[in-house]
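*Asks:* Based on what follows, work out the 3D shape:
(2 chains)
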2 protein chains.
Amino acid sequence: MKVLWIFAHPEQRSLAGSLLAEGLRTLEALGHEHRVCDLYAMGWKAVVDADDFGPEGSRAAPRDRLFVGAEQERAYEEGQLSADIRAEQEKITWADTLVFQFPLWWFGPPAILKGWFDRVLVQGFGFGLKGPDGRTLRYGEGGLAGKRALVVTSVGARESGFGPRGIHGQLDEVLFPLLHGTFWYTGMAALPPFAVYGADRLSRAGHARSAQALRERLRALETTPPLPFRHENGGAYDEDLVLRPQFAPGLSGVGVHR
Amino acid sequence: MKVLWIFAHPEQRSLAGSLLAEGLRTLEALGHEHRVCDLYAMGWKAVVDADDFGPEGSRAAPRDRLFVGAEQERAYEEGQLSADIRAEQEKITWADTLVFQFPLWWFGPPAILKGWFDRVLVQGFGFGLKGPDGRTLRYGEGGLAGKRALVVTSVGARESGFGPRGIHGQLDEVLFPLLHGTFWYTGMAALPPFAVYGADRLSRAGHARSAQALRERLRALETTPPLPFRHENGGAYDEDLVLRPQFAPGLSGVGVHR
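*Replies:* Predicted structure coming up:
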């Protein structure tokens, strides 16, 4: 396999850093290729702005109102996206599996990683493609279809708080914007997230158990069944993109989409 | 009221920009005070790093491993957080109501706003406080208790896709990390989010309707019932922070917490 490992932690000498090293060793032992994006080490620019869209002269009317989505799509099609964005798109194209490793801050990815999605997965590349019959390819189809994506996250809180009725919210529903709204939206199969809980106060034994669990998850990278999200074009949704009544009858909320 | 309006859009000459202007005019007409954080205009630094925690010499062991949460708390207590963070905390303390206005990118706030939460709401300020009986004050109590928070978001997609069974996920559950995990976690009452759908192709009439709807929401800022999230210390959760069986019996997922 070709694994792109996106690492979004400011400190390599952390639990996250040692899990990254462990993960890469494991991938090597399994004979997989890997490339790493260490976003902090790269000095990754987190914020979308006009500088992303090529030199000012390349824009149709540089002093006009900036339409972010349209400008991203135009710059992508004209090869005018800034070099750092194009480099990430090239790595994604190379990979068949993406691993996103980050500490859970405010129940989501740190800003530096959020900005990676905002800047890299532009219309025309990650989504906004059409099938031969004119259908929009999204949710199970799209620019990144055929790839798998795994979240590896470290969480300060205890595991029970992220269970089905835990106060912080069931983890895969808390991560719905990422798992369903980003991975699945662009066509990637979302694997069940891998989380290390109580990360701030992990004992030596807890650390060893986490490393062992990560090795097992990586060994099963090709075979782990992804989260069973529904395909947009699979017949479950009507013309208004609402789930038809015979699916998850009587239920509502993000849980109905799997 | 004292309203802090946090604006996270790169273009003032946008639908978002005109809704901001409309919103501020409405607040003035109602006699409310307001302050604006235009994150792009401020050049807000989105990414947490060691520079947030004061001059290098102030850290106990600057070359040691960086523990982000602990370092944020220490720097806050010692008045060593960087000046841009302290300025935001001062504005939050001044306000009784916070409005967060942003385009929905990848089903969440743009990186520049995510980084505002990551950097500003540190332990000791936004959370991590204890009550007189030693209980942790969180979810309905905490550093920002007594304040109200409103999301104003513009969304490219149609409204039906964000309904209770819409493919993108029910909006208040998609925004659970923000509404419950950030606002409510720090003690703020989360108002029902205000969303403008189909924002990329809004007609003149649609624009006028959105402005009118925003004015109505702002007039009701003090009286709108917040989302009925459960208090951590209100008896509904057990010692493991799991919802007791008699509440939302038989159900699971993020929807059980309201």
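
*Asks:* Would you map the helices across the stretch 51-200 of chain A?
*Replies:* A:68-77, A:83-94, A:111-120, A:171-174, A:176-178 (DSSP state H, counting those that start in this stretch).

*Asks:* rank the ones you listed by pLDDT, which is bottom?
*Replies:* Ranked by mean pLDDT, the helices of the stretch 51-200 of chain A bottom out at helix A:68-77, with a mean of 94.

*Asks:* For the residue lying closest to residue A:160 once chain neighbours are set aside, what is the enclosing helix or strand?
*Replies:* Among residues not flanking residue A:160 along the chain, residue B:240 sits closest, at 3.9 Å (C-beta to C-beta, 6 or more residues apart in numbering or on different chains). Glycine gets a C-beta too; all of them are placed from N, C-alpha and C. Applying DSSP states H and E as the criterion places residue B:240 outside every helix and strand.

*Asks:* ok, so what distance separates residue B:240 from residue A:163?
*Replies:* 8 Å (C-beta to C-beta, to the nearest Å).

*Asks:* Look at the two and report which has more neighbours.
*Replies:* The neighbour comparison of residue B:240 against residue A:163 (other C-beta atoms under 10 Å in any protein chain shown) goes to residue A:163, with 18 against 13.

*Asks:* picking that back up, so what's the residue nearest to residue A:160 up against?
*Replies:* Counting by C-beta atoms under 8 Å, 6 or more residues apart in numbering or on different chains, residue B:240 touches A:158, A:160-161, A:166.

*Asks:* filter these to the buried ones?
*Replies:* A:160-161, A:166 (16 or more other C-beta atoms under 10 Å in any protein chain shown).

*Asks:* Identify, from those residues, the entry nearest to residue B:24.
*Replies:* Of all these, residue B:24 sits closest to residue A:161, with 38.7 Å by C-beta to C-beta.

*Asks:* count of neighbours near the nearest residue to residue A:136 once chain neighbours are set aside?
*Replies:* Nearest residue to residue A:136, sequence neighbours excluded (C-beta to C-beta, 6+ apart): residue A:130, at 6.0 Å. Each residue near residue A:130 was counted by other C-beta under 10 Å, and the total is 9.

*Asks:* Give me the pLDDT for residue A:130.
*Replies:* The predicted local confidence for residue A:130 is 94.

*Asks:* With pLDDT and distance to residue B:6 added, can I get the contacts of residue B:240 in a markdown table?
*Replies:* As requested, the contacts of residue B:240 are exported to a markdown table (pLDDT from 0 to 100; distance: C-beta to C-beta, whole Å):
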| residue | pLDDT | distance to residue B:6 |
| --- | --- | --- |
| A:158 | 95 | 31 |
| A:160 | 97 | 33 |
| A:161 | 98 | 28 |
| A:166 | 98 | 29 |
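
*Asks:* Need those in CSV (columns: distance to residue A:147).
*Replies:* As requested, those are arranged in CSV below (distance: C-beta to C-beta, whole Å):
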residue, distance to residue A:147
A:158, 32
A:160, 32
A:161, 31
A:166, 30
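
*Asks:* can you tell me which of the residues you listed are in strands?
*Replies:* Cross-referencing those against strands under DSSP state E gives no overlap.

*Asks:* Write out the residues of the stretch 151-258 of chain A neighbouring chain B.
*Replies:* Within the stretch 151-258 of chain A, the residues that sit near chain B (C-beta under 8 Å from any C-beta of the partner chain) are A:156, A:158, A:160-161, A:163-170, A:173-174, A:176-178, A:180-182, A:200, A:232, A:237, A:240-243, A:248, A:251-257.

*Asks:* For ChimeraX, write the select line for the buried members of these.
*Replies:* To isolate the buried ones among those in ChimeraX, judged by 16+ other C-beta under 10 Å, type:
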select /A:160,161,163,164,165,166,167,168,169,170,173,174,176,177,178,180,181,182,232,237,241,242,243,248,253,254,255,256,257
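
*Asks:* about what we covered before: which among the buried ones among the contacts of residue B:240 gets closest to residue A:84?
*Replies:* Among those, and counting by C-beta to C-beta, the member closest to residue A:84 is residue A:161, at 36.6 Å.
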